[in-house]
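*Asks:* here you go, sequence then predicted model.
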Amino acid sequence: MGKTCCQECEVLVTVGDRQRIAEQTGREDFWEHKAPDNPAYLDQDDDPNWLKWAFRPDGTRPVLKRHSSGDCGFLGPEGCVLSLEIRPIVCRLFPYTYTERGIDGVSDACPKEVIPPGSTILQVLDMRREDADRWHAQLYAELRTGTSCDENRAYLRSA
């Protein structure tokens, strides 16, 4: 099987992501400011505020640390070890593609062998559009304000 997004992607973490993950894991050493390894992350002509809000003037942005293999630091044998509402927002949104204006498609970057004939990757991942719309709004609110924008933080106390 091909590598997954958890093994290849550089994952942006908002201030809210860092707070939620730190509260759940008790760790704060899981992220770093880093310039993108892949220049495609800088190609955001269709989303001009992304560069302004996601990157610092020195060209770095806050991302999850990865192991030397490229795997996300939160990737376990059965997938992500973080609960869904704690995962970085960009992870929750994947494979949807989006700009500040809204969700505009679905990426074809997921390994094709995980998709049974007649199914879509959204069905395989049990993703609902209304969740994606909510996470998209939260992502851009957190990027724009530089703060955590959780509507309901009760899940943190029960996690």
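*Replies:* That came through, no problem. All values reported here derive from a predicted model rather than from experimental measurement.
*Asks:* excluding its backbone neighbours, what's nearest D46?
*Replies:* Distances taken as C-beta to C-beta, 6 or more residues apart in numbering put T99 closest to D46, at 5.3 Å, once the chain neighbours are dropped. No exception for glycine: its C-beta is placed from N, CA and C like everyone else's.
*Asks:* the one you found is in contact with D47, isn't it?
*Replies:* Yes - using C-beta atoms under 8 Å, T99 makes contact with D47 at a distance of 4.0 Å.
*Asks:* who does the residue nearest to D46 bridge with?
*Replies:* G102 (DSSP bridges).
*Asks:* any low-confidence regions in the protein?
*Replies:* Low-confidence segments of the chain (pLDDT under 70): 1, 151-159.
*Asks:* residue boundaries of the strands in it?
*Replies:* Assigned by DSSP state E, the strands in the chain fall at 31-34, 61-64, 75-76, 79-80, 96-99, 102-106.
*Asks:* wait, what's in contact with A54?
*Replies:* The contact partners of A54, taken as C-beta atoms under 8 Å, 6 or more residues apart in numbering, are L12, R61, L143.
*Asks:* would TSV of those residues with distance to T120 be doable?
*Replies:* Listed next are the contacts of A54 as TSV, based on distance: C-beta to C-beta, whole Å:
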residue	distance to T120
L12	25
R61	30
L143	28
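*Asks:* out of these, which is nearest to P117?
*Replies:* L12 (33.5 Å; C-beta to C-beta).
*Asks:* tell me if I'm right that that closest one and P88 touch.
*Replies:* Yes - counting by C-beta under 8 Å, L12 touches P88, with 6.9 Å between them.
*Asks:* between these two, who's got more neighbours?
*Replies:* P88 (26 against 22; other C-beta atoms under 10 Å).
*Asks:* not counting its neighbours along the chain, what's nearest the more buried one?
*Replies:* In space, P88 is closest to D17, 4.4 Å off (C-beta to C-beta, 6+ apart).
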